[in-house]
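Enquirer: sequence? don't have it. structure:
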């Protein structure tokens, strides 16, 4: 018993320490271009303009690429606590913490420490990263997990009545998190599990399809209706373009907001292997050793179908990025928990899994001390912050999302032909590549304030 309590305390204290580290990074690391700064700026504009129907990528320019759930959460955080990096990321941290507590009971059912799955999740590189990233993937992961775990609980003999409704609540909010992909990532593995275990009669007795569908529609349909009414064309772009054309064509010409994400076929498996070290590797070894008994455990089969379906689905897509594996972090952790008693090298796994989070702390301290973050980070924060309010701020040719966020939307695009006419009270951000292309007359009129590895901020000598 003493050994068990000591282990319980270790995982509890380790989880809280990892959450403190993650929260610290959320507060001090700048918002990076393109993705994180973009979603933060969309949320900032929403909070400022009080337009909660149409997310805007810039004032008056609708953002049709994603539904608004994660934007709503960050915008609410801005409205309640002010506009900072931490408040932009606060909803992702809260959703991640909710997932940590949602998984704890699956450990206690096996007489294991409540915080064991939380420890595993926070030492999975992909999960640890997205506990502090402004994106749609953490919200989608929460919704996928809610659907899958609620379905499992609803199908159990002693399952509480509310689980069967939480299945549909998860689907409804999933439609607001990232769209119809919530159904693509959850329904097929659930159907496969029903087929394998021949549970169709139980399914129709336990799952309220009619009232559940109404719940989904009540949650999601009003926003889709209002969004199309406010900006006609949204439904066609989002449903047809983002979900079909993007999936099959990484160079889709109709993309209004994205950037090329072309990968070789099957790259999703490489992402999965690398961003889940060392837990997935240990899990695969143990599953292979017990391959003859896998199908006898309905819970393990359920988790395996959940784990495998997402990478299988994205195997045929070239347009993907590593956050697409986020929804399978939960089944990886729960599978490790299920096989925990049979894992022999527990100490080595625990120590190895904490290397990355601790290494990030060391790297951050070293980089901060040597000003590497200010110089190398892909953000305009450190170019903008030293400027006084008296300066009118511009960005030559194309402004970045981080420059929009850190200037609170005040930065404007400046055509090159107007560089000679800048007032002394103006400052302009110019990439080093664009600066080299300027003629000597213009260069002689500019004085460098400061720079990083990609850009400099200048004002005129007049």
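Expert: Yes, it's here. Keep in mind it's a predicted model, so treat the numbers as computed, not measured.

Enquirer: and the protein, what are its domains?
Expert: As assigned by automatic domain parsing, the chain contains the domains 2-366, 381-460.

Enquirer: Any idea how far the shortest one is from the middle of the chain?
Expert: Looking back up the chat, that one is domain 381-460. From the chain centre to the centre of domain 381-460 is a distance of 31 Å (CA atoms, centre = their mean, to the nearest Å).

Enquirer: which residues of the stretch 251-400 of the chain score low on pLDDT?
Expert: For the stretch 251-400 of the chain, applying pLDDT under 70 flags the ranges 251-262.

Enquirer: List the residues that contact the spatially most central residue of the chain.
Expert: Geometric centre of the chain, nearest residue: residue 137, 3.5 Å, by CA atoms, centre = their mean. Applying CB atoms under 8 Å, 6 or more residues apart in numbering to residue 137 gives the contacts 130, 178, 323-324, 326. Where C-beta positions appear, they are placed from N, C-alpha and C, glycine not excepted.

Enquirer: For it, which non-adjacent residue is spatially closest?
Expert: In this structure, residue 137 finds its nearest non-sequential neighbour in residue 323, 4.1 Å apart by CB to CB, 6 or more residues apart in numbering.

Enquirer: dump the residue contacts of the one you found.
Expert: By CB under 8 Å, 6+ apart, residue 323 lies in contact with 126, 130, 133, 135, 137.

Enquirer: Assess the claim that residue 152 and residue 302 are in contact.
Expert: Yes: counting by CB atoms under 8 Å, residue 152 does reach residue 302; the two are 6.0 Å apart.

Enquirer: returning to that earlier point: now tabulate the domains of the chain in TSV and tack on distance to residue 375.
Expert: Listed next are the domains of the chain as TSV, based on distance: least, CB to CB, whole Å:
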stretch	distance to residue 375
domain 2-366	12
domain 381-460	5
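
Enquirer: wait, which of those is closest to residue 374?
Expert: domain 381-460 (4.4 Å; CB to CB).

Enquirer: Which pLDDT value goes with the residue nearest to the centre of the chain?
Expert: As predicted, residue 137 sits at a pLDDT of 96.

Enquirer: Quickly note the distance from it to residue 456.
Expert: To residue 456, residue 137 is 33 Å away according to CB to CB, to the nearest Å.

Enquirer: do residue 242 as well
Expert: Going from residue 242 to residue 456 by CB to CB gives 36 Å.

Enquirer: Look at those two and report which has more neighbours.
Expert: Between residue 242 and residue 456, counted using other CB atoms under 10 Å, the more crowded position is residue 242 (23 against 18).

Enquirer: circling back to that earlier point, now for the contacts of residue 323, which pair is the farthest apart?
Expert: Taking CB to CB, the two most distant members of the contacts of residue 323 are 126 and 135; they sit 11.9 Å apart.

Enquirer: Now render the contacts of residue 323 as CSV, adding secondary structure.
Expert: CSV is the format used below for the contacts of residue 323 (DSSP: H, G, I helix; E, B strand; the rest coil):
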residue, secondary structure
126, helix
130, helix
133, coil
135, coil
137, helix
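
Enquirer: wait, what's in contact with residue 382?
Expert: Here residue 382 is in contact with 30, 374, 450, 452 (criterion: CB under 8 Å, 6+ apart).
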